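In: Sequence unavailable; structure follows:
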């Protein structure tokens, strides 16, 4: 992700993430706020999360940001009787409390400009937009009120509805999808060219399925930049026939792909000659020019835990087992348990485990043939294609660096000037 932009004093400009609630409150928007806070901190920005409920690093709670706070609910009920005073009182209070947090910042306001869950907050934010706060405002839109007609009924006609009816030129509008962008154009009259579409990032880490060791592996190997990613969860020993895996990587590259073959296991512990075998594999990799496409984790000093191996199963496109002999075929069973496609040499133990449900090849089949089969089967597999599409378009790394990072850097640069 892009490095943080500093102001004229050399201090990284602050980013404020504003929402009704924050983690550990469970919700889709809350998970996006948490991910954005993490990515921006990793990029070097000081980040504050402003919310009415929640807790976490640099999270500041202003109770009345929560739409179900008693004061907010009282103001909403009073509105139905035509009494504006509770709303105006709370609005003024929120202006005073939020102002010092927003001055000189980039504020990513999630949903609060386009929903009516907290009308005093809506009014306070519009007041603050009109002030000279040197704040760059982003209306980060997951939902638009007018798409849910039943939510409109309690809102009195007049100025409050007008705030929700019209776009403001001071705001940068971001939509989470093309459908939301179309809704902003239709209901608020926003110029569609002014609306950026930045989807929520999706990755195993955001689901809590990546341990620190796995994260290191994914980063060091630039895992998401490759396709297909073939996991070889075996030890480095001759009967595993790993030279075929290296040759398959070369053939996949010749097919126009950018594969990654990741061998997770250590050297076989019972044969001293395995160190020499690793050297032979490294030399083959060098001759074929595959230093970026073939990785032996043992040479990086990584001894994978069982959890890491399981997480790598979930992160790969397929498992490749080129062994000439196995006593059982445990990786085939593990891959089946996790619904990962298996490409495996046709040996008795593997056939016993998988029946006809793995993609088998002969142990003496040319690597070109094996590579073509892998490429063809992954192209035909809808689940594999969907996974790749999600990684390329919606992956956390892509969204964080190319979309969120670019937007915040542009706004921070403008604020710095």
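Out: In hand now; what should we look at? Being a predicted model, the structure only gives us computed values, none of them experimental.

In: mind listing the strands for this protein?
Out: Taking DSSP state E to define them, one finds strands in the chain at 14-18, 47-51, 59-61, 105-110, 136-141, 171-175, 195-197, 229-232, 260-263, 294-296, 318-321, 342-345, 359-361.

In: The fourth one pairs with which strands, parallel or anti?
Out: For strand 105-110, the paired strands and their directions (DSSP bridges) read strand 14-18 (parallel), strand 136-141 (parallel).

In: Contacts for it, please.
Out: Residues from elsewhere that reach strand 105-110 (Cβ atoms under 8 Å, 6 or more residues apart in numbering): 13-19, 29, 32-33, 36, 48, 125, 135-140, 142, 174, 408, 411-412, 415. For glycine as for every other residue, the C-beta is placed from the backbone atoms N, C-alpha and C.

In: Check the offset of it from the chain's centre.
Out: 19 Å (Cα atoms, centre = their mean, to the nearest Å).

In: Same question for the first one.
Out: The chain centroid and the centroid of strand 14-18 are separated by 19 Å, computed with Cα atoms, centre = their mean.

In: next one: the fifth one
Out: Here strand 136-141 is found 20 Å from its chain centre; the criterion is Cα atoms, centre = their mean.

In: hmm, back to that, looking at the strands paired with strand 105-110, which is nearest to residue 91?
Out: strand 14-18 (15.4 Å; Cβ to Cβ).

In: and the angle for that closest one with strand 47-51?
Out: 20 degrees (axes from the mean of the first three to the mean of the last three Cα atoms, to 10 degrees).

In: Reformat the strands of the chain as TSV; add distance to residue 184 and mean pLDDT.
Out: TSV is the format used below for the strands of the chain (distance: least, Cβ to Cβ, whole Å; pLDDT from 0 to 100):
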stretch	distance to residue 184	mean pLDDT
strand 14-18	18	96
strand 47-51	23	97
strand 59-61	28	96
strand 105-110	14	96
strand 136-141	6	97
strand 171-175	6	97
strand 195-197	6	96
strand 229-232	37	98
strand 260-263	39	98
strand 294-296	44	98
strand 318-321	40	98
strand 342-345	45	97
strand 359-361	46	97
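
In: what about residue 160, how many neighbours?
Out: By other Cβ atoms under 10 Å, 18 other residues sit near residue 160.

In: check contacts around it.
Out: 79, 116, 119, 122-123.

In: Which other helices and strands does the lengthiest helix in the chain contact?
Out: The helix that spans the most residues within the chain, counting by DSSP state H, is helix 85-102. Packing partners of helix 85-102 (3 or more Cβ pairs under 8 Å, 6 or more residues apart in numbering; DSSP states H and E): strand 47-51, helix 70-80, helix 119-130.

In: quick one, helices of the stretch 201-350 of the chain?
Out: Along the stretch 201-350 of the chain, counting by DSSP state H, counting those that start in this stretch, helices occupy 212-220, 242-254, 274-288, 306-315, 330-337, 348-354.
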